[in-house]
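Asker: have a look; sequence and predicted model below, questions after that.
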Amino acid sequence: MLQRALHLNSTRAALNALLREDGRDPVLAHRLGLAPGAAMALCWLHQPLARRVGEGPAFMLGFDDSCAGRWLPTELRSALDGSPLPVRSLRGARHGLAQSWVRTENLSHNFLDGTLAAVLRRPSNPSRLLALTAGHVLGAGIGSASGDDIIFQYDGEDTSSFSGRLFDWQPNFEGLPADTRIDAALAEVSIAALAPLAARPADWPRGVAPTFADDRLRLRTRGREIGGDSPGFLSARLCVAGDLSKVYRLQDALCWRSAEATEAGDSGAPVWNDRDELVAIHAGAAPEGALLNAVAVPITPILDWAGAQLVRRGEPLLRQTMPRDSAVPLAPAAVSPAAPSGGPSSKAVTLARTMWGEARGEAGDGMAAVAHVVLNRVARQTYWGRDVIAVCQKPWQFSCWNRNDPNLPQLLRVDGSDARFRLALDLAGRLLAQPRPQREAADPTRRATHYHTCSLNPRPRWALGREPCARIGAHLFYNDIA
């Protein structure tokens, strides 16, 4: 059983890599036993969670109409050792459809409506609560930004509402196409606003849990529950509300069979198991031909990304302390320009100012990428500087610190009243608290030390003849500059 799991996991990882490259990796395609035309036409993959060894196909693969029938595989070669794995192939596959509904809405940059999934708590400030929903619900509108006005509407006869402020989201819809394992958004909400919901204990999950093959699942939306089963893994392109300019690749999502079709407006809705534990949040409808019809994002990677914990059934909304091992310590919600006693360190503040100055118009991943470049330069221990402050303020490196930059006074003045700076502080605190091996393993820039905006033409001299190692938001990143 363990050996089979190793074969399936390694092959799924290889298929995900092929999807990320849109099939443009002939070596990897050949290793998996896929014809080049089939690799280019691959749209999605689904791995059922088999109840018994050898039960059914190892994967279901969806291909677009450009895939000739003779290219459709009946088996793959294991990425582990080349042994055969049975697959079922479908042609004429389309994008999955990301969905939303009326309970959650970005009033500042409206694009979709969605559903509240759960409430999370930050360890650094237990009284600071975050409402969780799907990222494409609150972040896909043109111009969406931290601090946007968000409204939440209660179900049923109680038509009252409460408001919040957009804090962060994934994926970054300004930098599509994107590869992500997360489709989630966080909005800051007050304890007082959640009081009516706190009086409805049945609407709060008992905890979080992974998904197992024999789980019975329930999608809680529109004031009722939709049952289902047969969970498995899915990697596919999702299209937000049918808008082909908003297509992103969701990897290792949960795909399952709901008893009835989901509707526009269900995105973000919680998926519970029969023990009232939250296992995922709904992302959309599965690609045509996938047999299973609902796609969701597992809750564990969402919590890891958010650096937060679930507020559980029966737990008081107001808490003064958190368990010591609850999560990585985070920066406080607001600070003055000079770090106060007990607040974030001066290096955290300087790093946050750099992130804000270089990428405040982007989602959290864009600002975090700038922080990774700073920390990668610190790790090099070269003329760039040997600590965070020296690297950030090195003359003529990060332009936001240039003395002739017209925005420098604003950079030095910004404080916690600015939502984007609060996000930068939060991210800076988390990154600085991480052990270096853990931080570097998760570095989306692939240890880059340089970047420039995608629109810059001509490119800087140092970038000539070099290939970017990553594109994140509005920037191209490089890790091969001496």
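Answerer: Nice, I can see it.
Asker: in stretch 237-247, what's buried?
Answerer: Buried residues in stretch 237-247, counting neighbours by 16 or more other C-beta atoms under 10 Å, are found at 237, 238, 239, 240, 241, 246, 247. (C-beta placed from N, C-alpha, C; glycine too.)
Asker: run through who's touching whichever helix or strand residue 130 is part of.
Answerer: Residue 130 is part of strand 125-133 when elements are defined by DSSP states H and E. For strand 125-133, contacts defined as C-beta atoms under 8 Å, 6 or more residues apart in numbering pick out 104, 114-122, 150, 152, 164, 167, 184-191, 194, 267-268, 281, 302, 306, 308, 311, 317-322, 330, 332-333.
Asker: which among these count as buried?
Answerer: Applying 16+ other C-beta under 10 Å to those flags 104, 114-122, 150, 152, 164, 167, 184-189, 194, 267-268, 281, 302, 306, 308, 311, 317, 322, 330, 332-333 as buried.
Asker: tell me which of those fall in strands.
Answerer: Using DSSP state E, 104, 114, 118-122, 150, 152, 164, 167, 184-189, 281 are the members of the buried ones among the contacts of strand 125-133 that sit in strands.
Asker: phi, psi for the most centrally placed residue in the chain please.
Answerer: With distances taken as C-alpha atoms, centre = their mean, residue 182 lies nearest the centre of the chain, 2.9 Å away. Main-chain torsions, residue 182, degrees, to the nearest 10: phi -130, psi 130.
Asker: relative to residue 231, how far out is it?
Answerer: The gap separating residue 182 from residue 231 is 18 Å, by C-beta to C-beta, to the nearest Å.
Asker: now do residue 426
Answerer: 32 Å.
Asker: repeat that for residue 62.
Answerer: 18 Å.
Asker: now do the contacts for the closest residue to the residue nearest to the centre of the chain other than its chain neighbours.
Answerer: Spatial nearest neighbour of residue 182, excluding adjacent residues (C-beta to C-beta, 6 or more residues apart in numbering): residue 170 at 4.3 Å. Residues near residue 170 by C-beta under 8 Å, 6+ apart: 135, 139, 180, 182, 183, 184, 185, 305, 363, 364, 365.
Asker: pick the one among those residues closest to residue 20.
Answerer: Closest approach to residue 20 among the contacts of residue 170 (C-beta to C-beta): residue 180, at 10.5 Å.
Asker: could you confirm residue 389 falls within a helix?
Answerer: Yes. Under DSSP: H, G, I helix; E, B strand; the rest coil, residue 389 sits within a helix.
Asker: residues contacting the residue lying closest to it once chain neighbours are set aside?
Answerer: Sequence neighbours aside, residue 350 is the residue nearest to residue 389 in space, at 4.9 Å (criterion: C-beta to C-beta, 6+ apart). Residues in contact with residue 350 (C-beta under 8 Å, 6+ apart) are 388, 389, 392, 393.
Asker: tell me the helix or strand right after the helix or strand where residue 350 lies.
Answerer: If you go by DSSP H and E, residue 350 is part of helix 346-359. Going down the chain from helix 346-359, the next helix or strand is helix 364-380, by DSSP H and E.
Asker: avg pLDDT for that next one?
Answerer: In this model, helix 364-380 carries a mean pLDDT of 92.
Asker: can you give me the helices in the stretch 51-200 of the chain?
Answerer: Under the criterion DSSP state H, counting those that start in this stretch, helices of the stretch 51-200 of the chain are mapped to 135-139, 195-198.
Asker: which of those helices sits closest to residue 222?
Answerer: Between the helices of the stretch 51-200 of the chain, helix 135-139 lies closest to residue 222; by C-beta to C-beta that is 14.9 Å.
Asker: show me what that closest one is packed up against.
Answerer: strand 104-106, strand 113-114, strand 161-170, strand 184-189 (3 or more C-beta pairs under 8 Å, 6 or more residues apart in numbering; DSSP states H and E).
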